[in-house]
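Chemist: need coordinates for the below:
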Amino acid sequence: MRYKFFQKTVTALFCMVVLSHASVSNAHDAGATMDPNGTIATFTGYALVTCFDDGNGTADNLTASVKDTSLPQENLLVNLQIIKGNRAISTTDPVSGDGSFSPEVRVHGGNGVYLLLVNKTSAGARSFLVSYHCVTASGAHTGTDIVVQQFE
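Modeler: Residues are numbered from 1 along each chain as shown. Below is the predicted model of the structure:
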């Protein structure tokens, strides 16, 4: 029981450090491994992304895509969803381990907080990378912060 608590704590801290570091870089890419033991089919990562005017302009949308960086495994894919208010969209990396991102998706919700979810289609460990950006109507990158709420 203590080991499980320790493992969850270390995983959450690792994700927060990785995602916090990514939020101050230009690329806004963050990665981690979901379900390192490969036993939880319902494993879900949940983060809040805040878009704001950092001097480059007001945010028009949050744009994101996901890449499964694990070795290919049949019927085990990584999904990403963006939700804000009454708008939602999802994307899936269609080929695990091919080195390519999923199709990019965006929710036009302006400045504010967006819910970003990452999950997988079955039990099994999956390493992944998420690319996320708050973007103005003219296509410029603007203020982007992220806070991990759940990673289990």
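Chemist: alpha carbons only for contacts and neighbour counts from here, please
Modeler: Noted.
Chemist: now the residue most central in space within the chain: how far from Q150?
Modeler: Closest to where the C-alpha atoms of the chain average out (CA atoms, centre = their mean) is V130, at 4.5 Å. Distance of V130 to Q150, computed by CA to CA, to the nearest Å: 15 Å.
Chemist: next: G31.
Modeler: 14 Å.
Chemist: of these two, which one has the most company?
Modeler: Set G31 next to Q150 and count neighbours by other CA atoms under 10 Å: G31 wins out with 19 against 15.
Chemist: any stretches of the chain with poor pLDDT?
Modeler: In the predicted model, the chain carries pLDDT under 70 at residues 1-27.
Chemist: how about the strands in it?
Modeler: 29-34, 44-52, 59-68, 78-84, 87-92, 105-107, 112-120, 126-136, 143-151 (DSSP state E).
Chemist: relative to strand 44-52, how tilted is the last one?
Modeler: Read that as strand 143-151. 160 degrees (axes from the mean of the first three to the mean of the last three CA atoms, to 10 degrees).
Chemist: kindly report the same for the fourth one.
Modeler: Between strand 78-84 and strand 44-52, the angle comes out at 40 degrees (the same axes, to 10 degrees).
Chemist: returning to what we had before: in the sheet, who's paired with the residue nearest to the centre of the chain?
Modeler: A30, V66 (DSSP bridges).
Chemist: am I right that it is in contact with V66?
Modeler: Yes - checked against CA atoms under 8 Å, the pair V130 and V66 is within contact range at 4.5 Å.
Chemist: circling back to that earlier point, most tightly packed of the strands of the chain?
Modeler: Greatest average neighbour count among the strands of the chain goes to strand 59-68 (a mean of 26), per mean count of other CA atoms under 10 Å.
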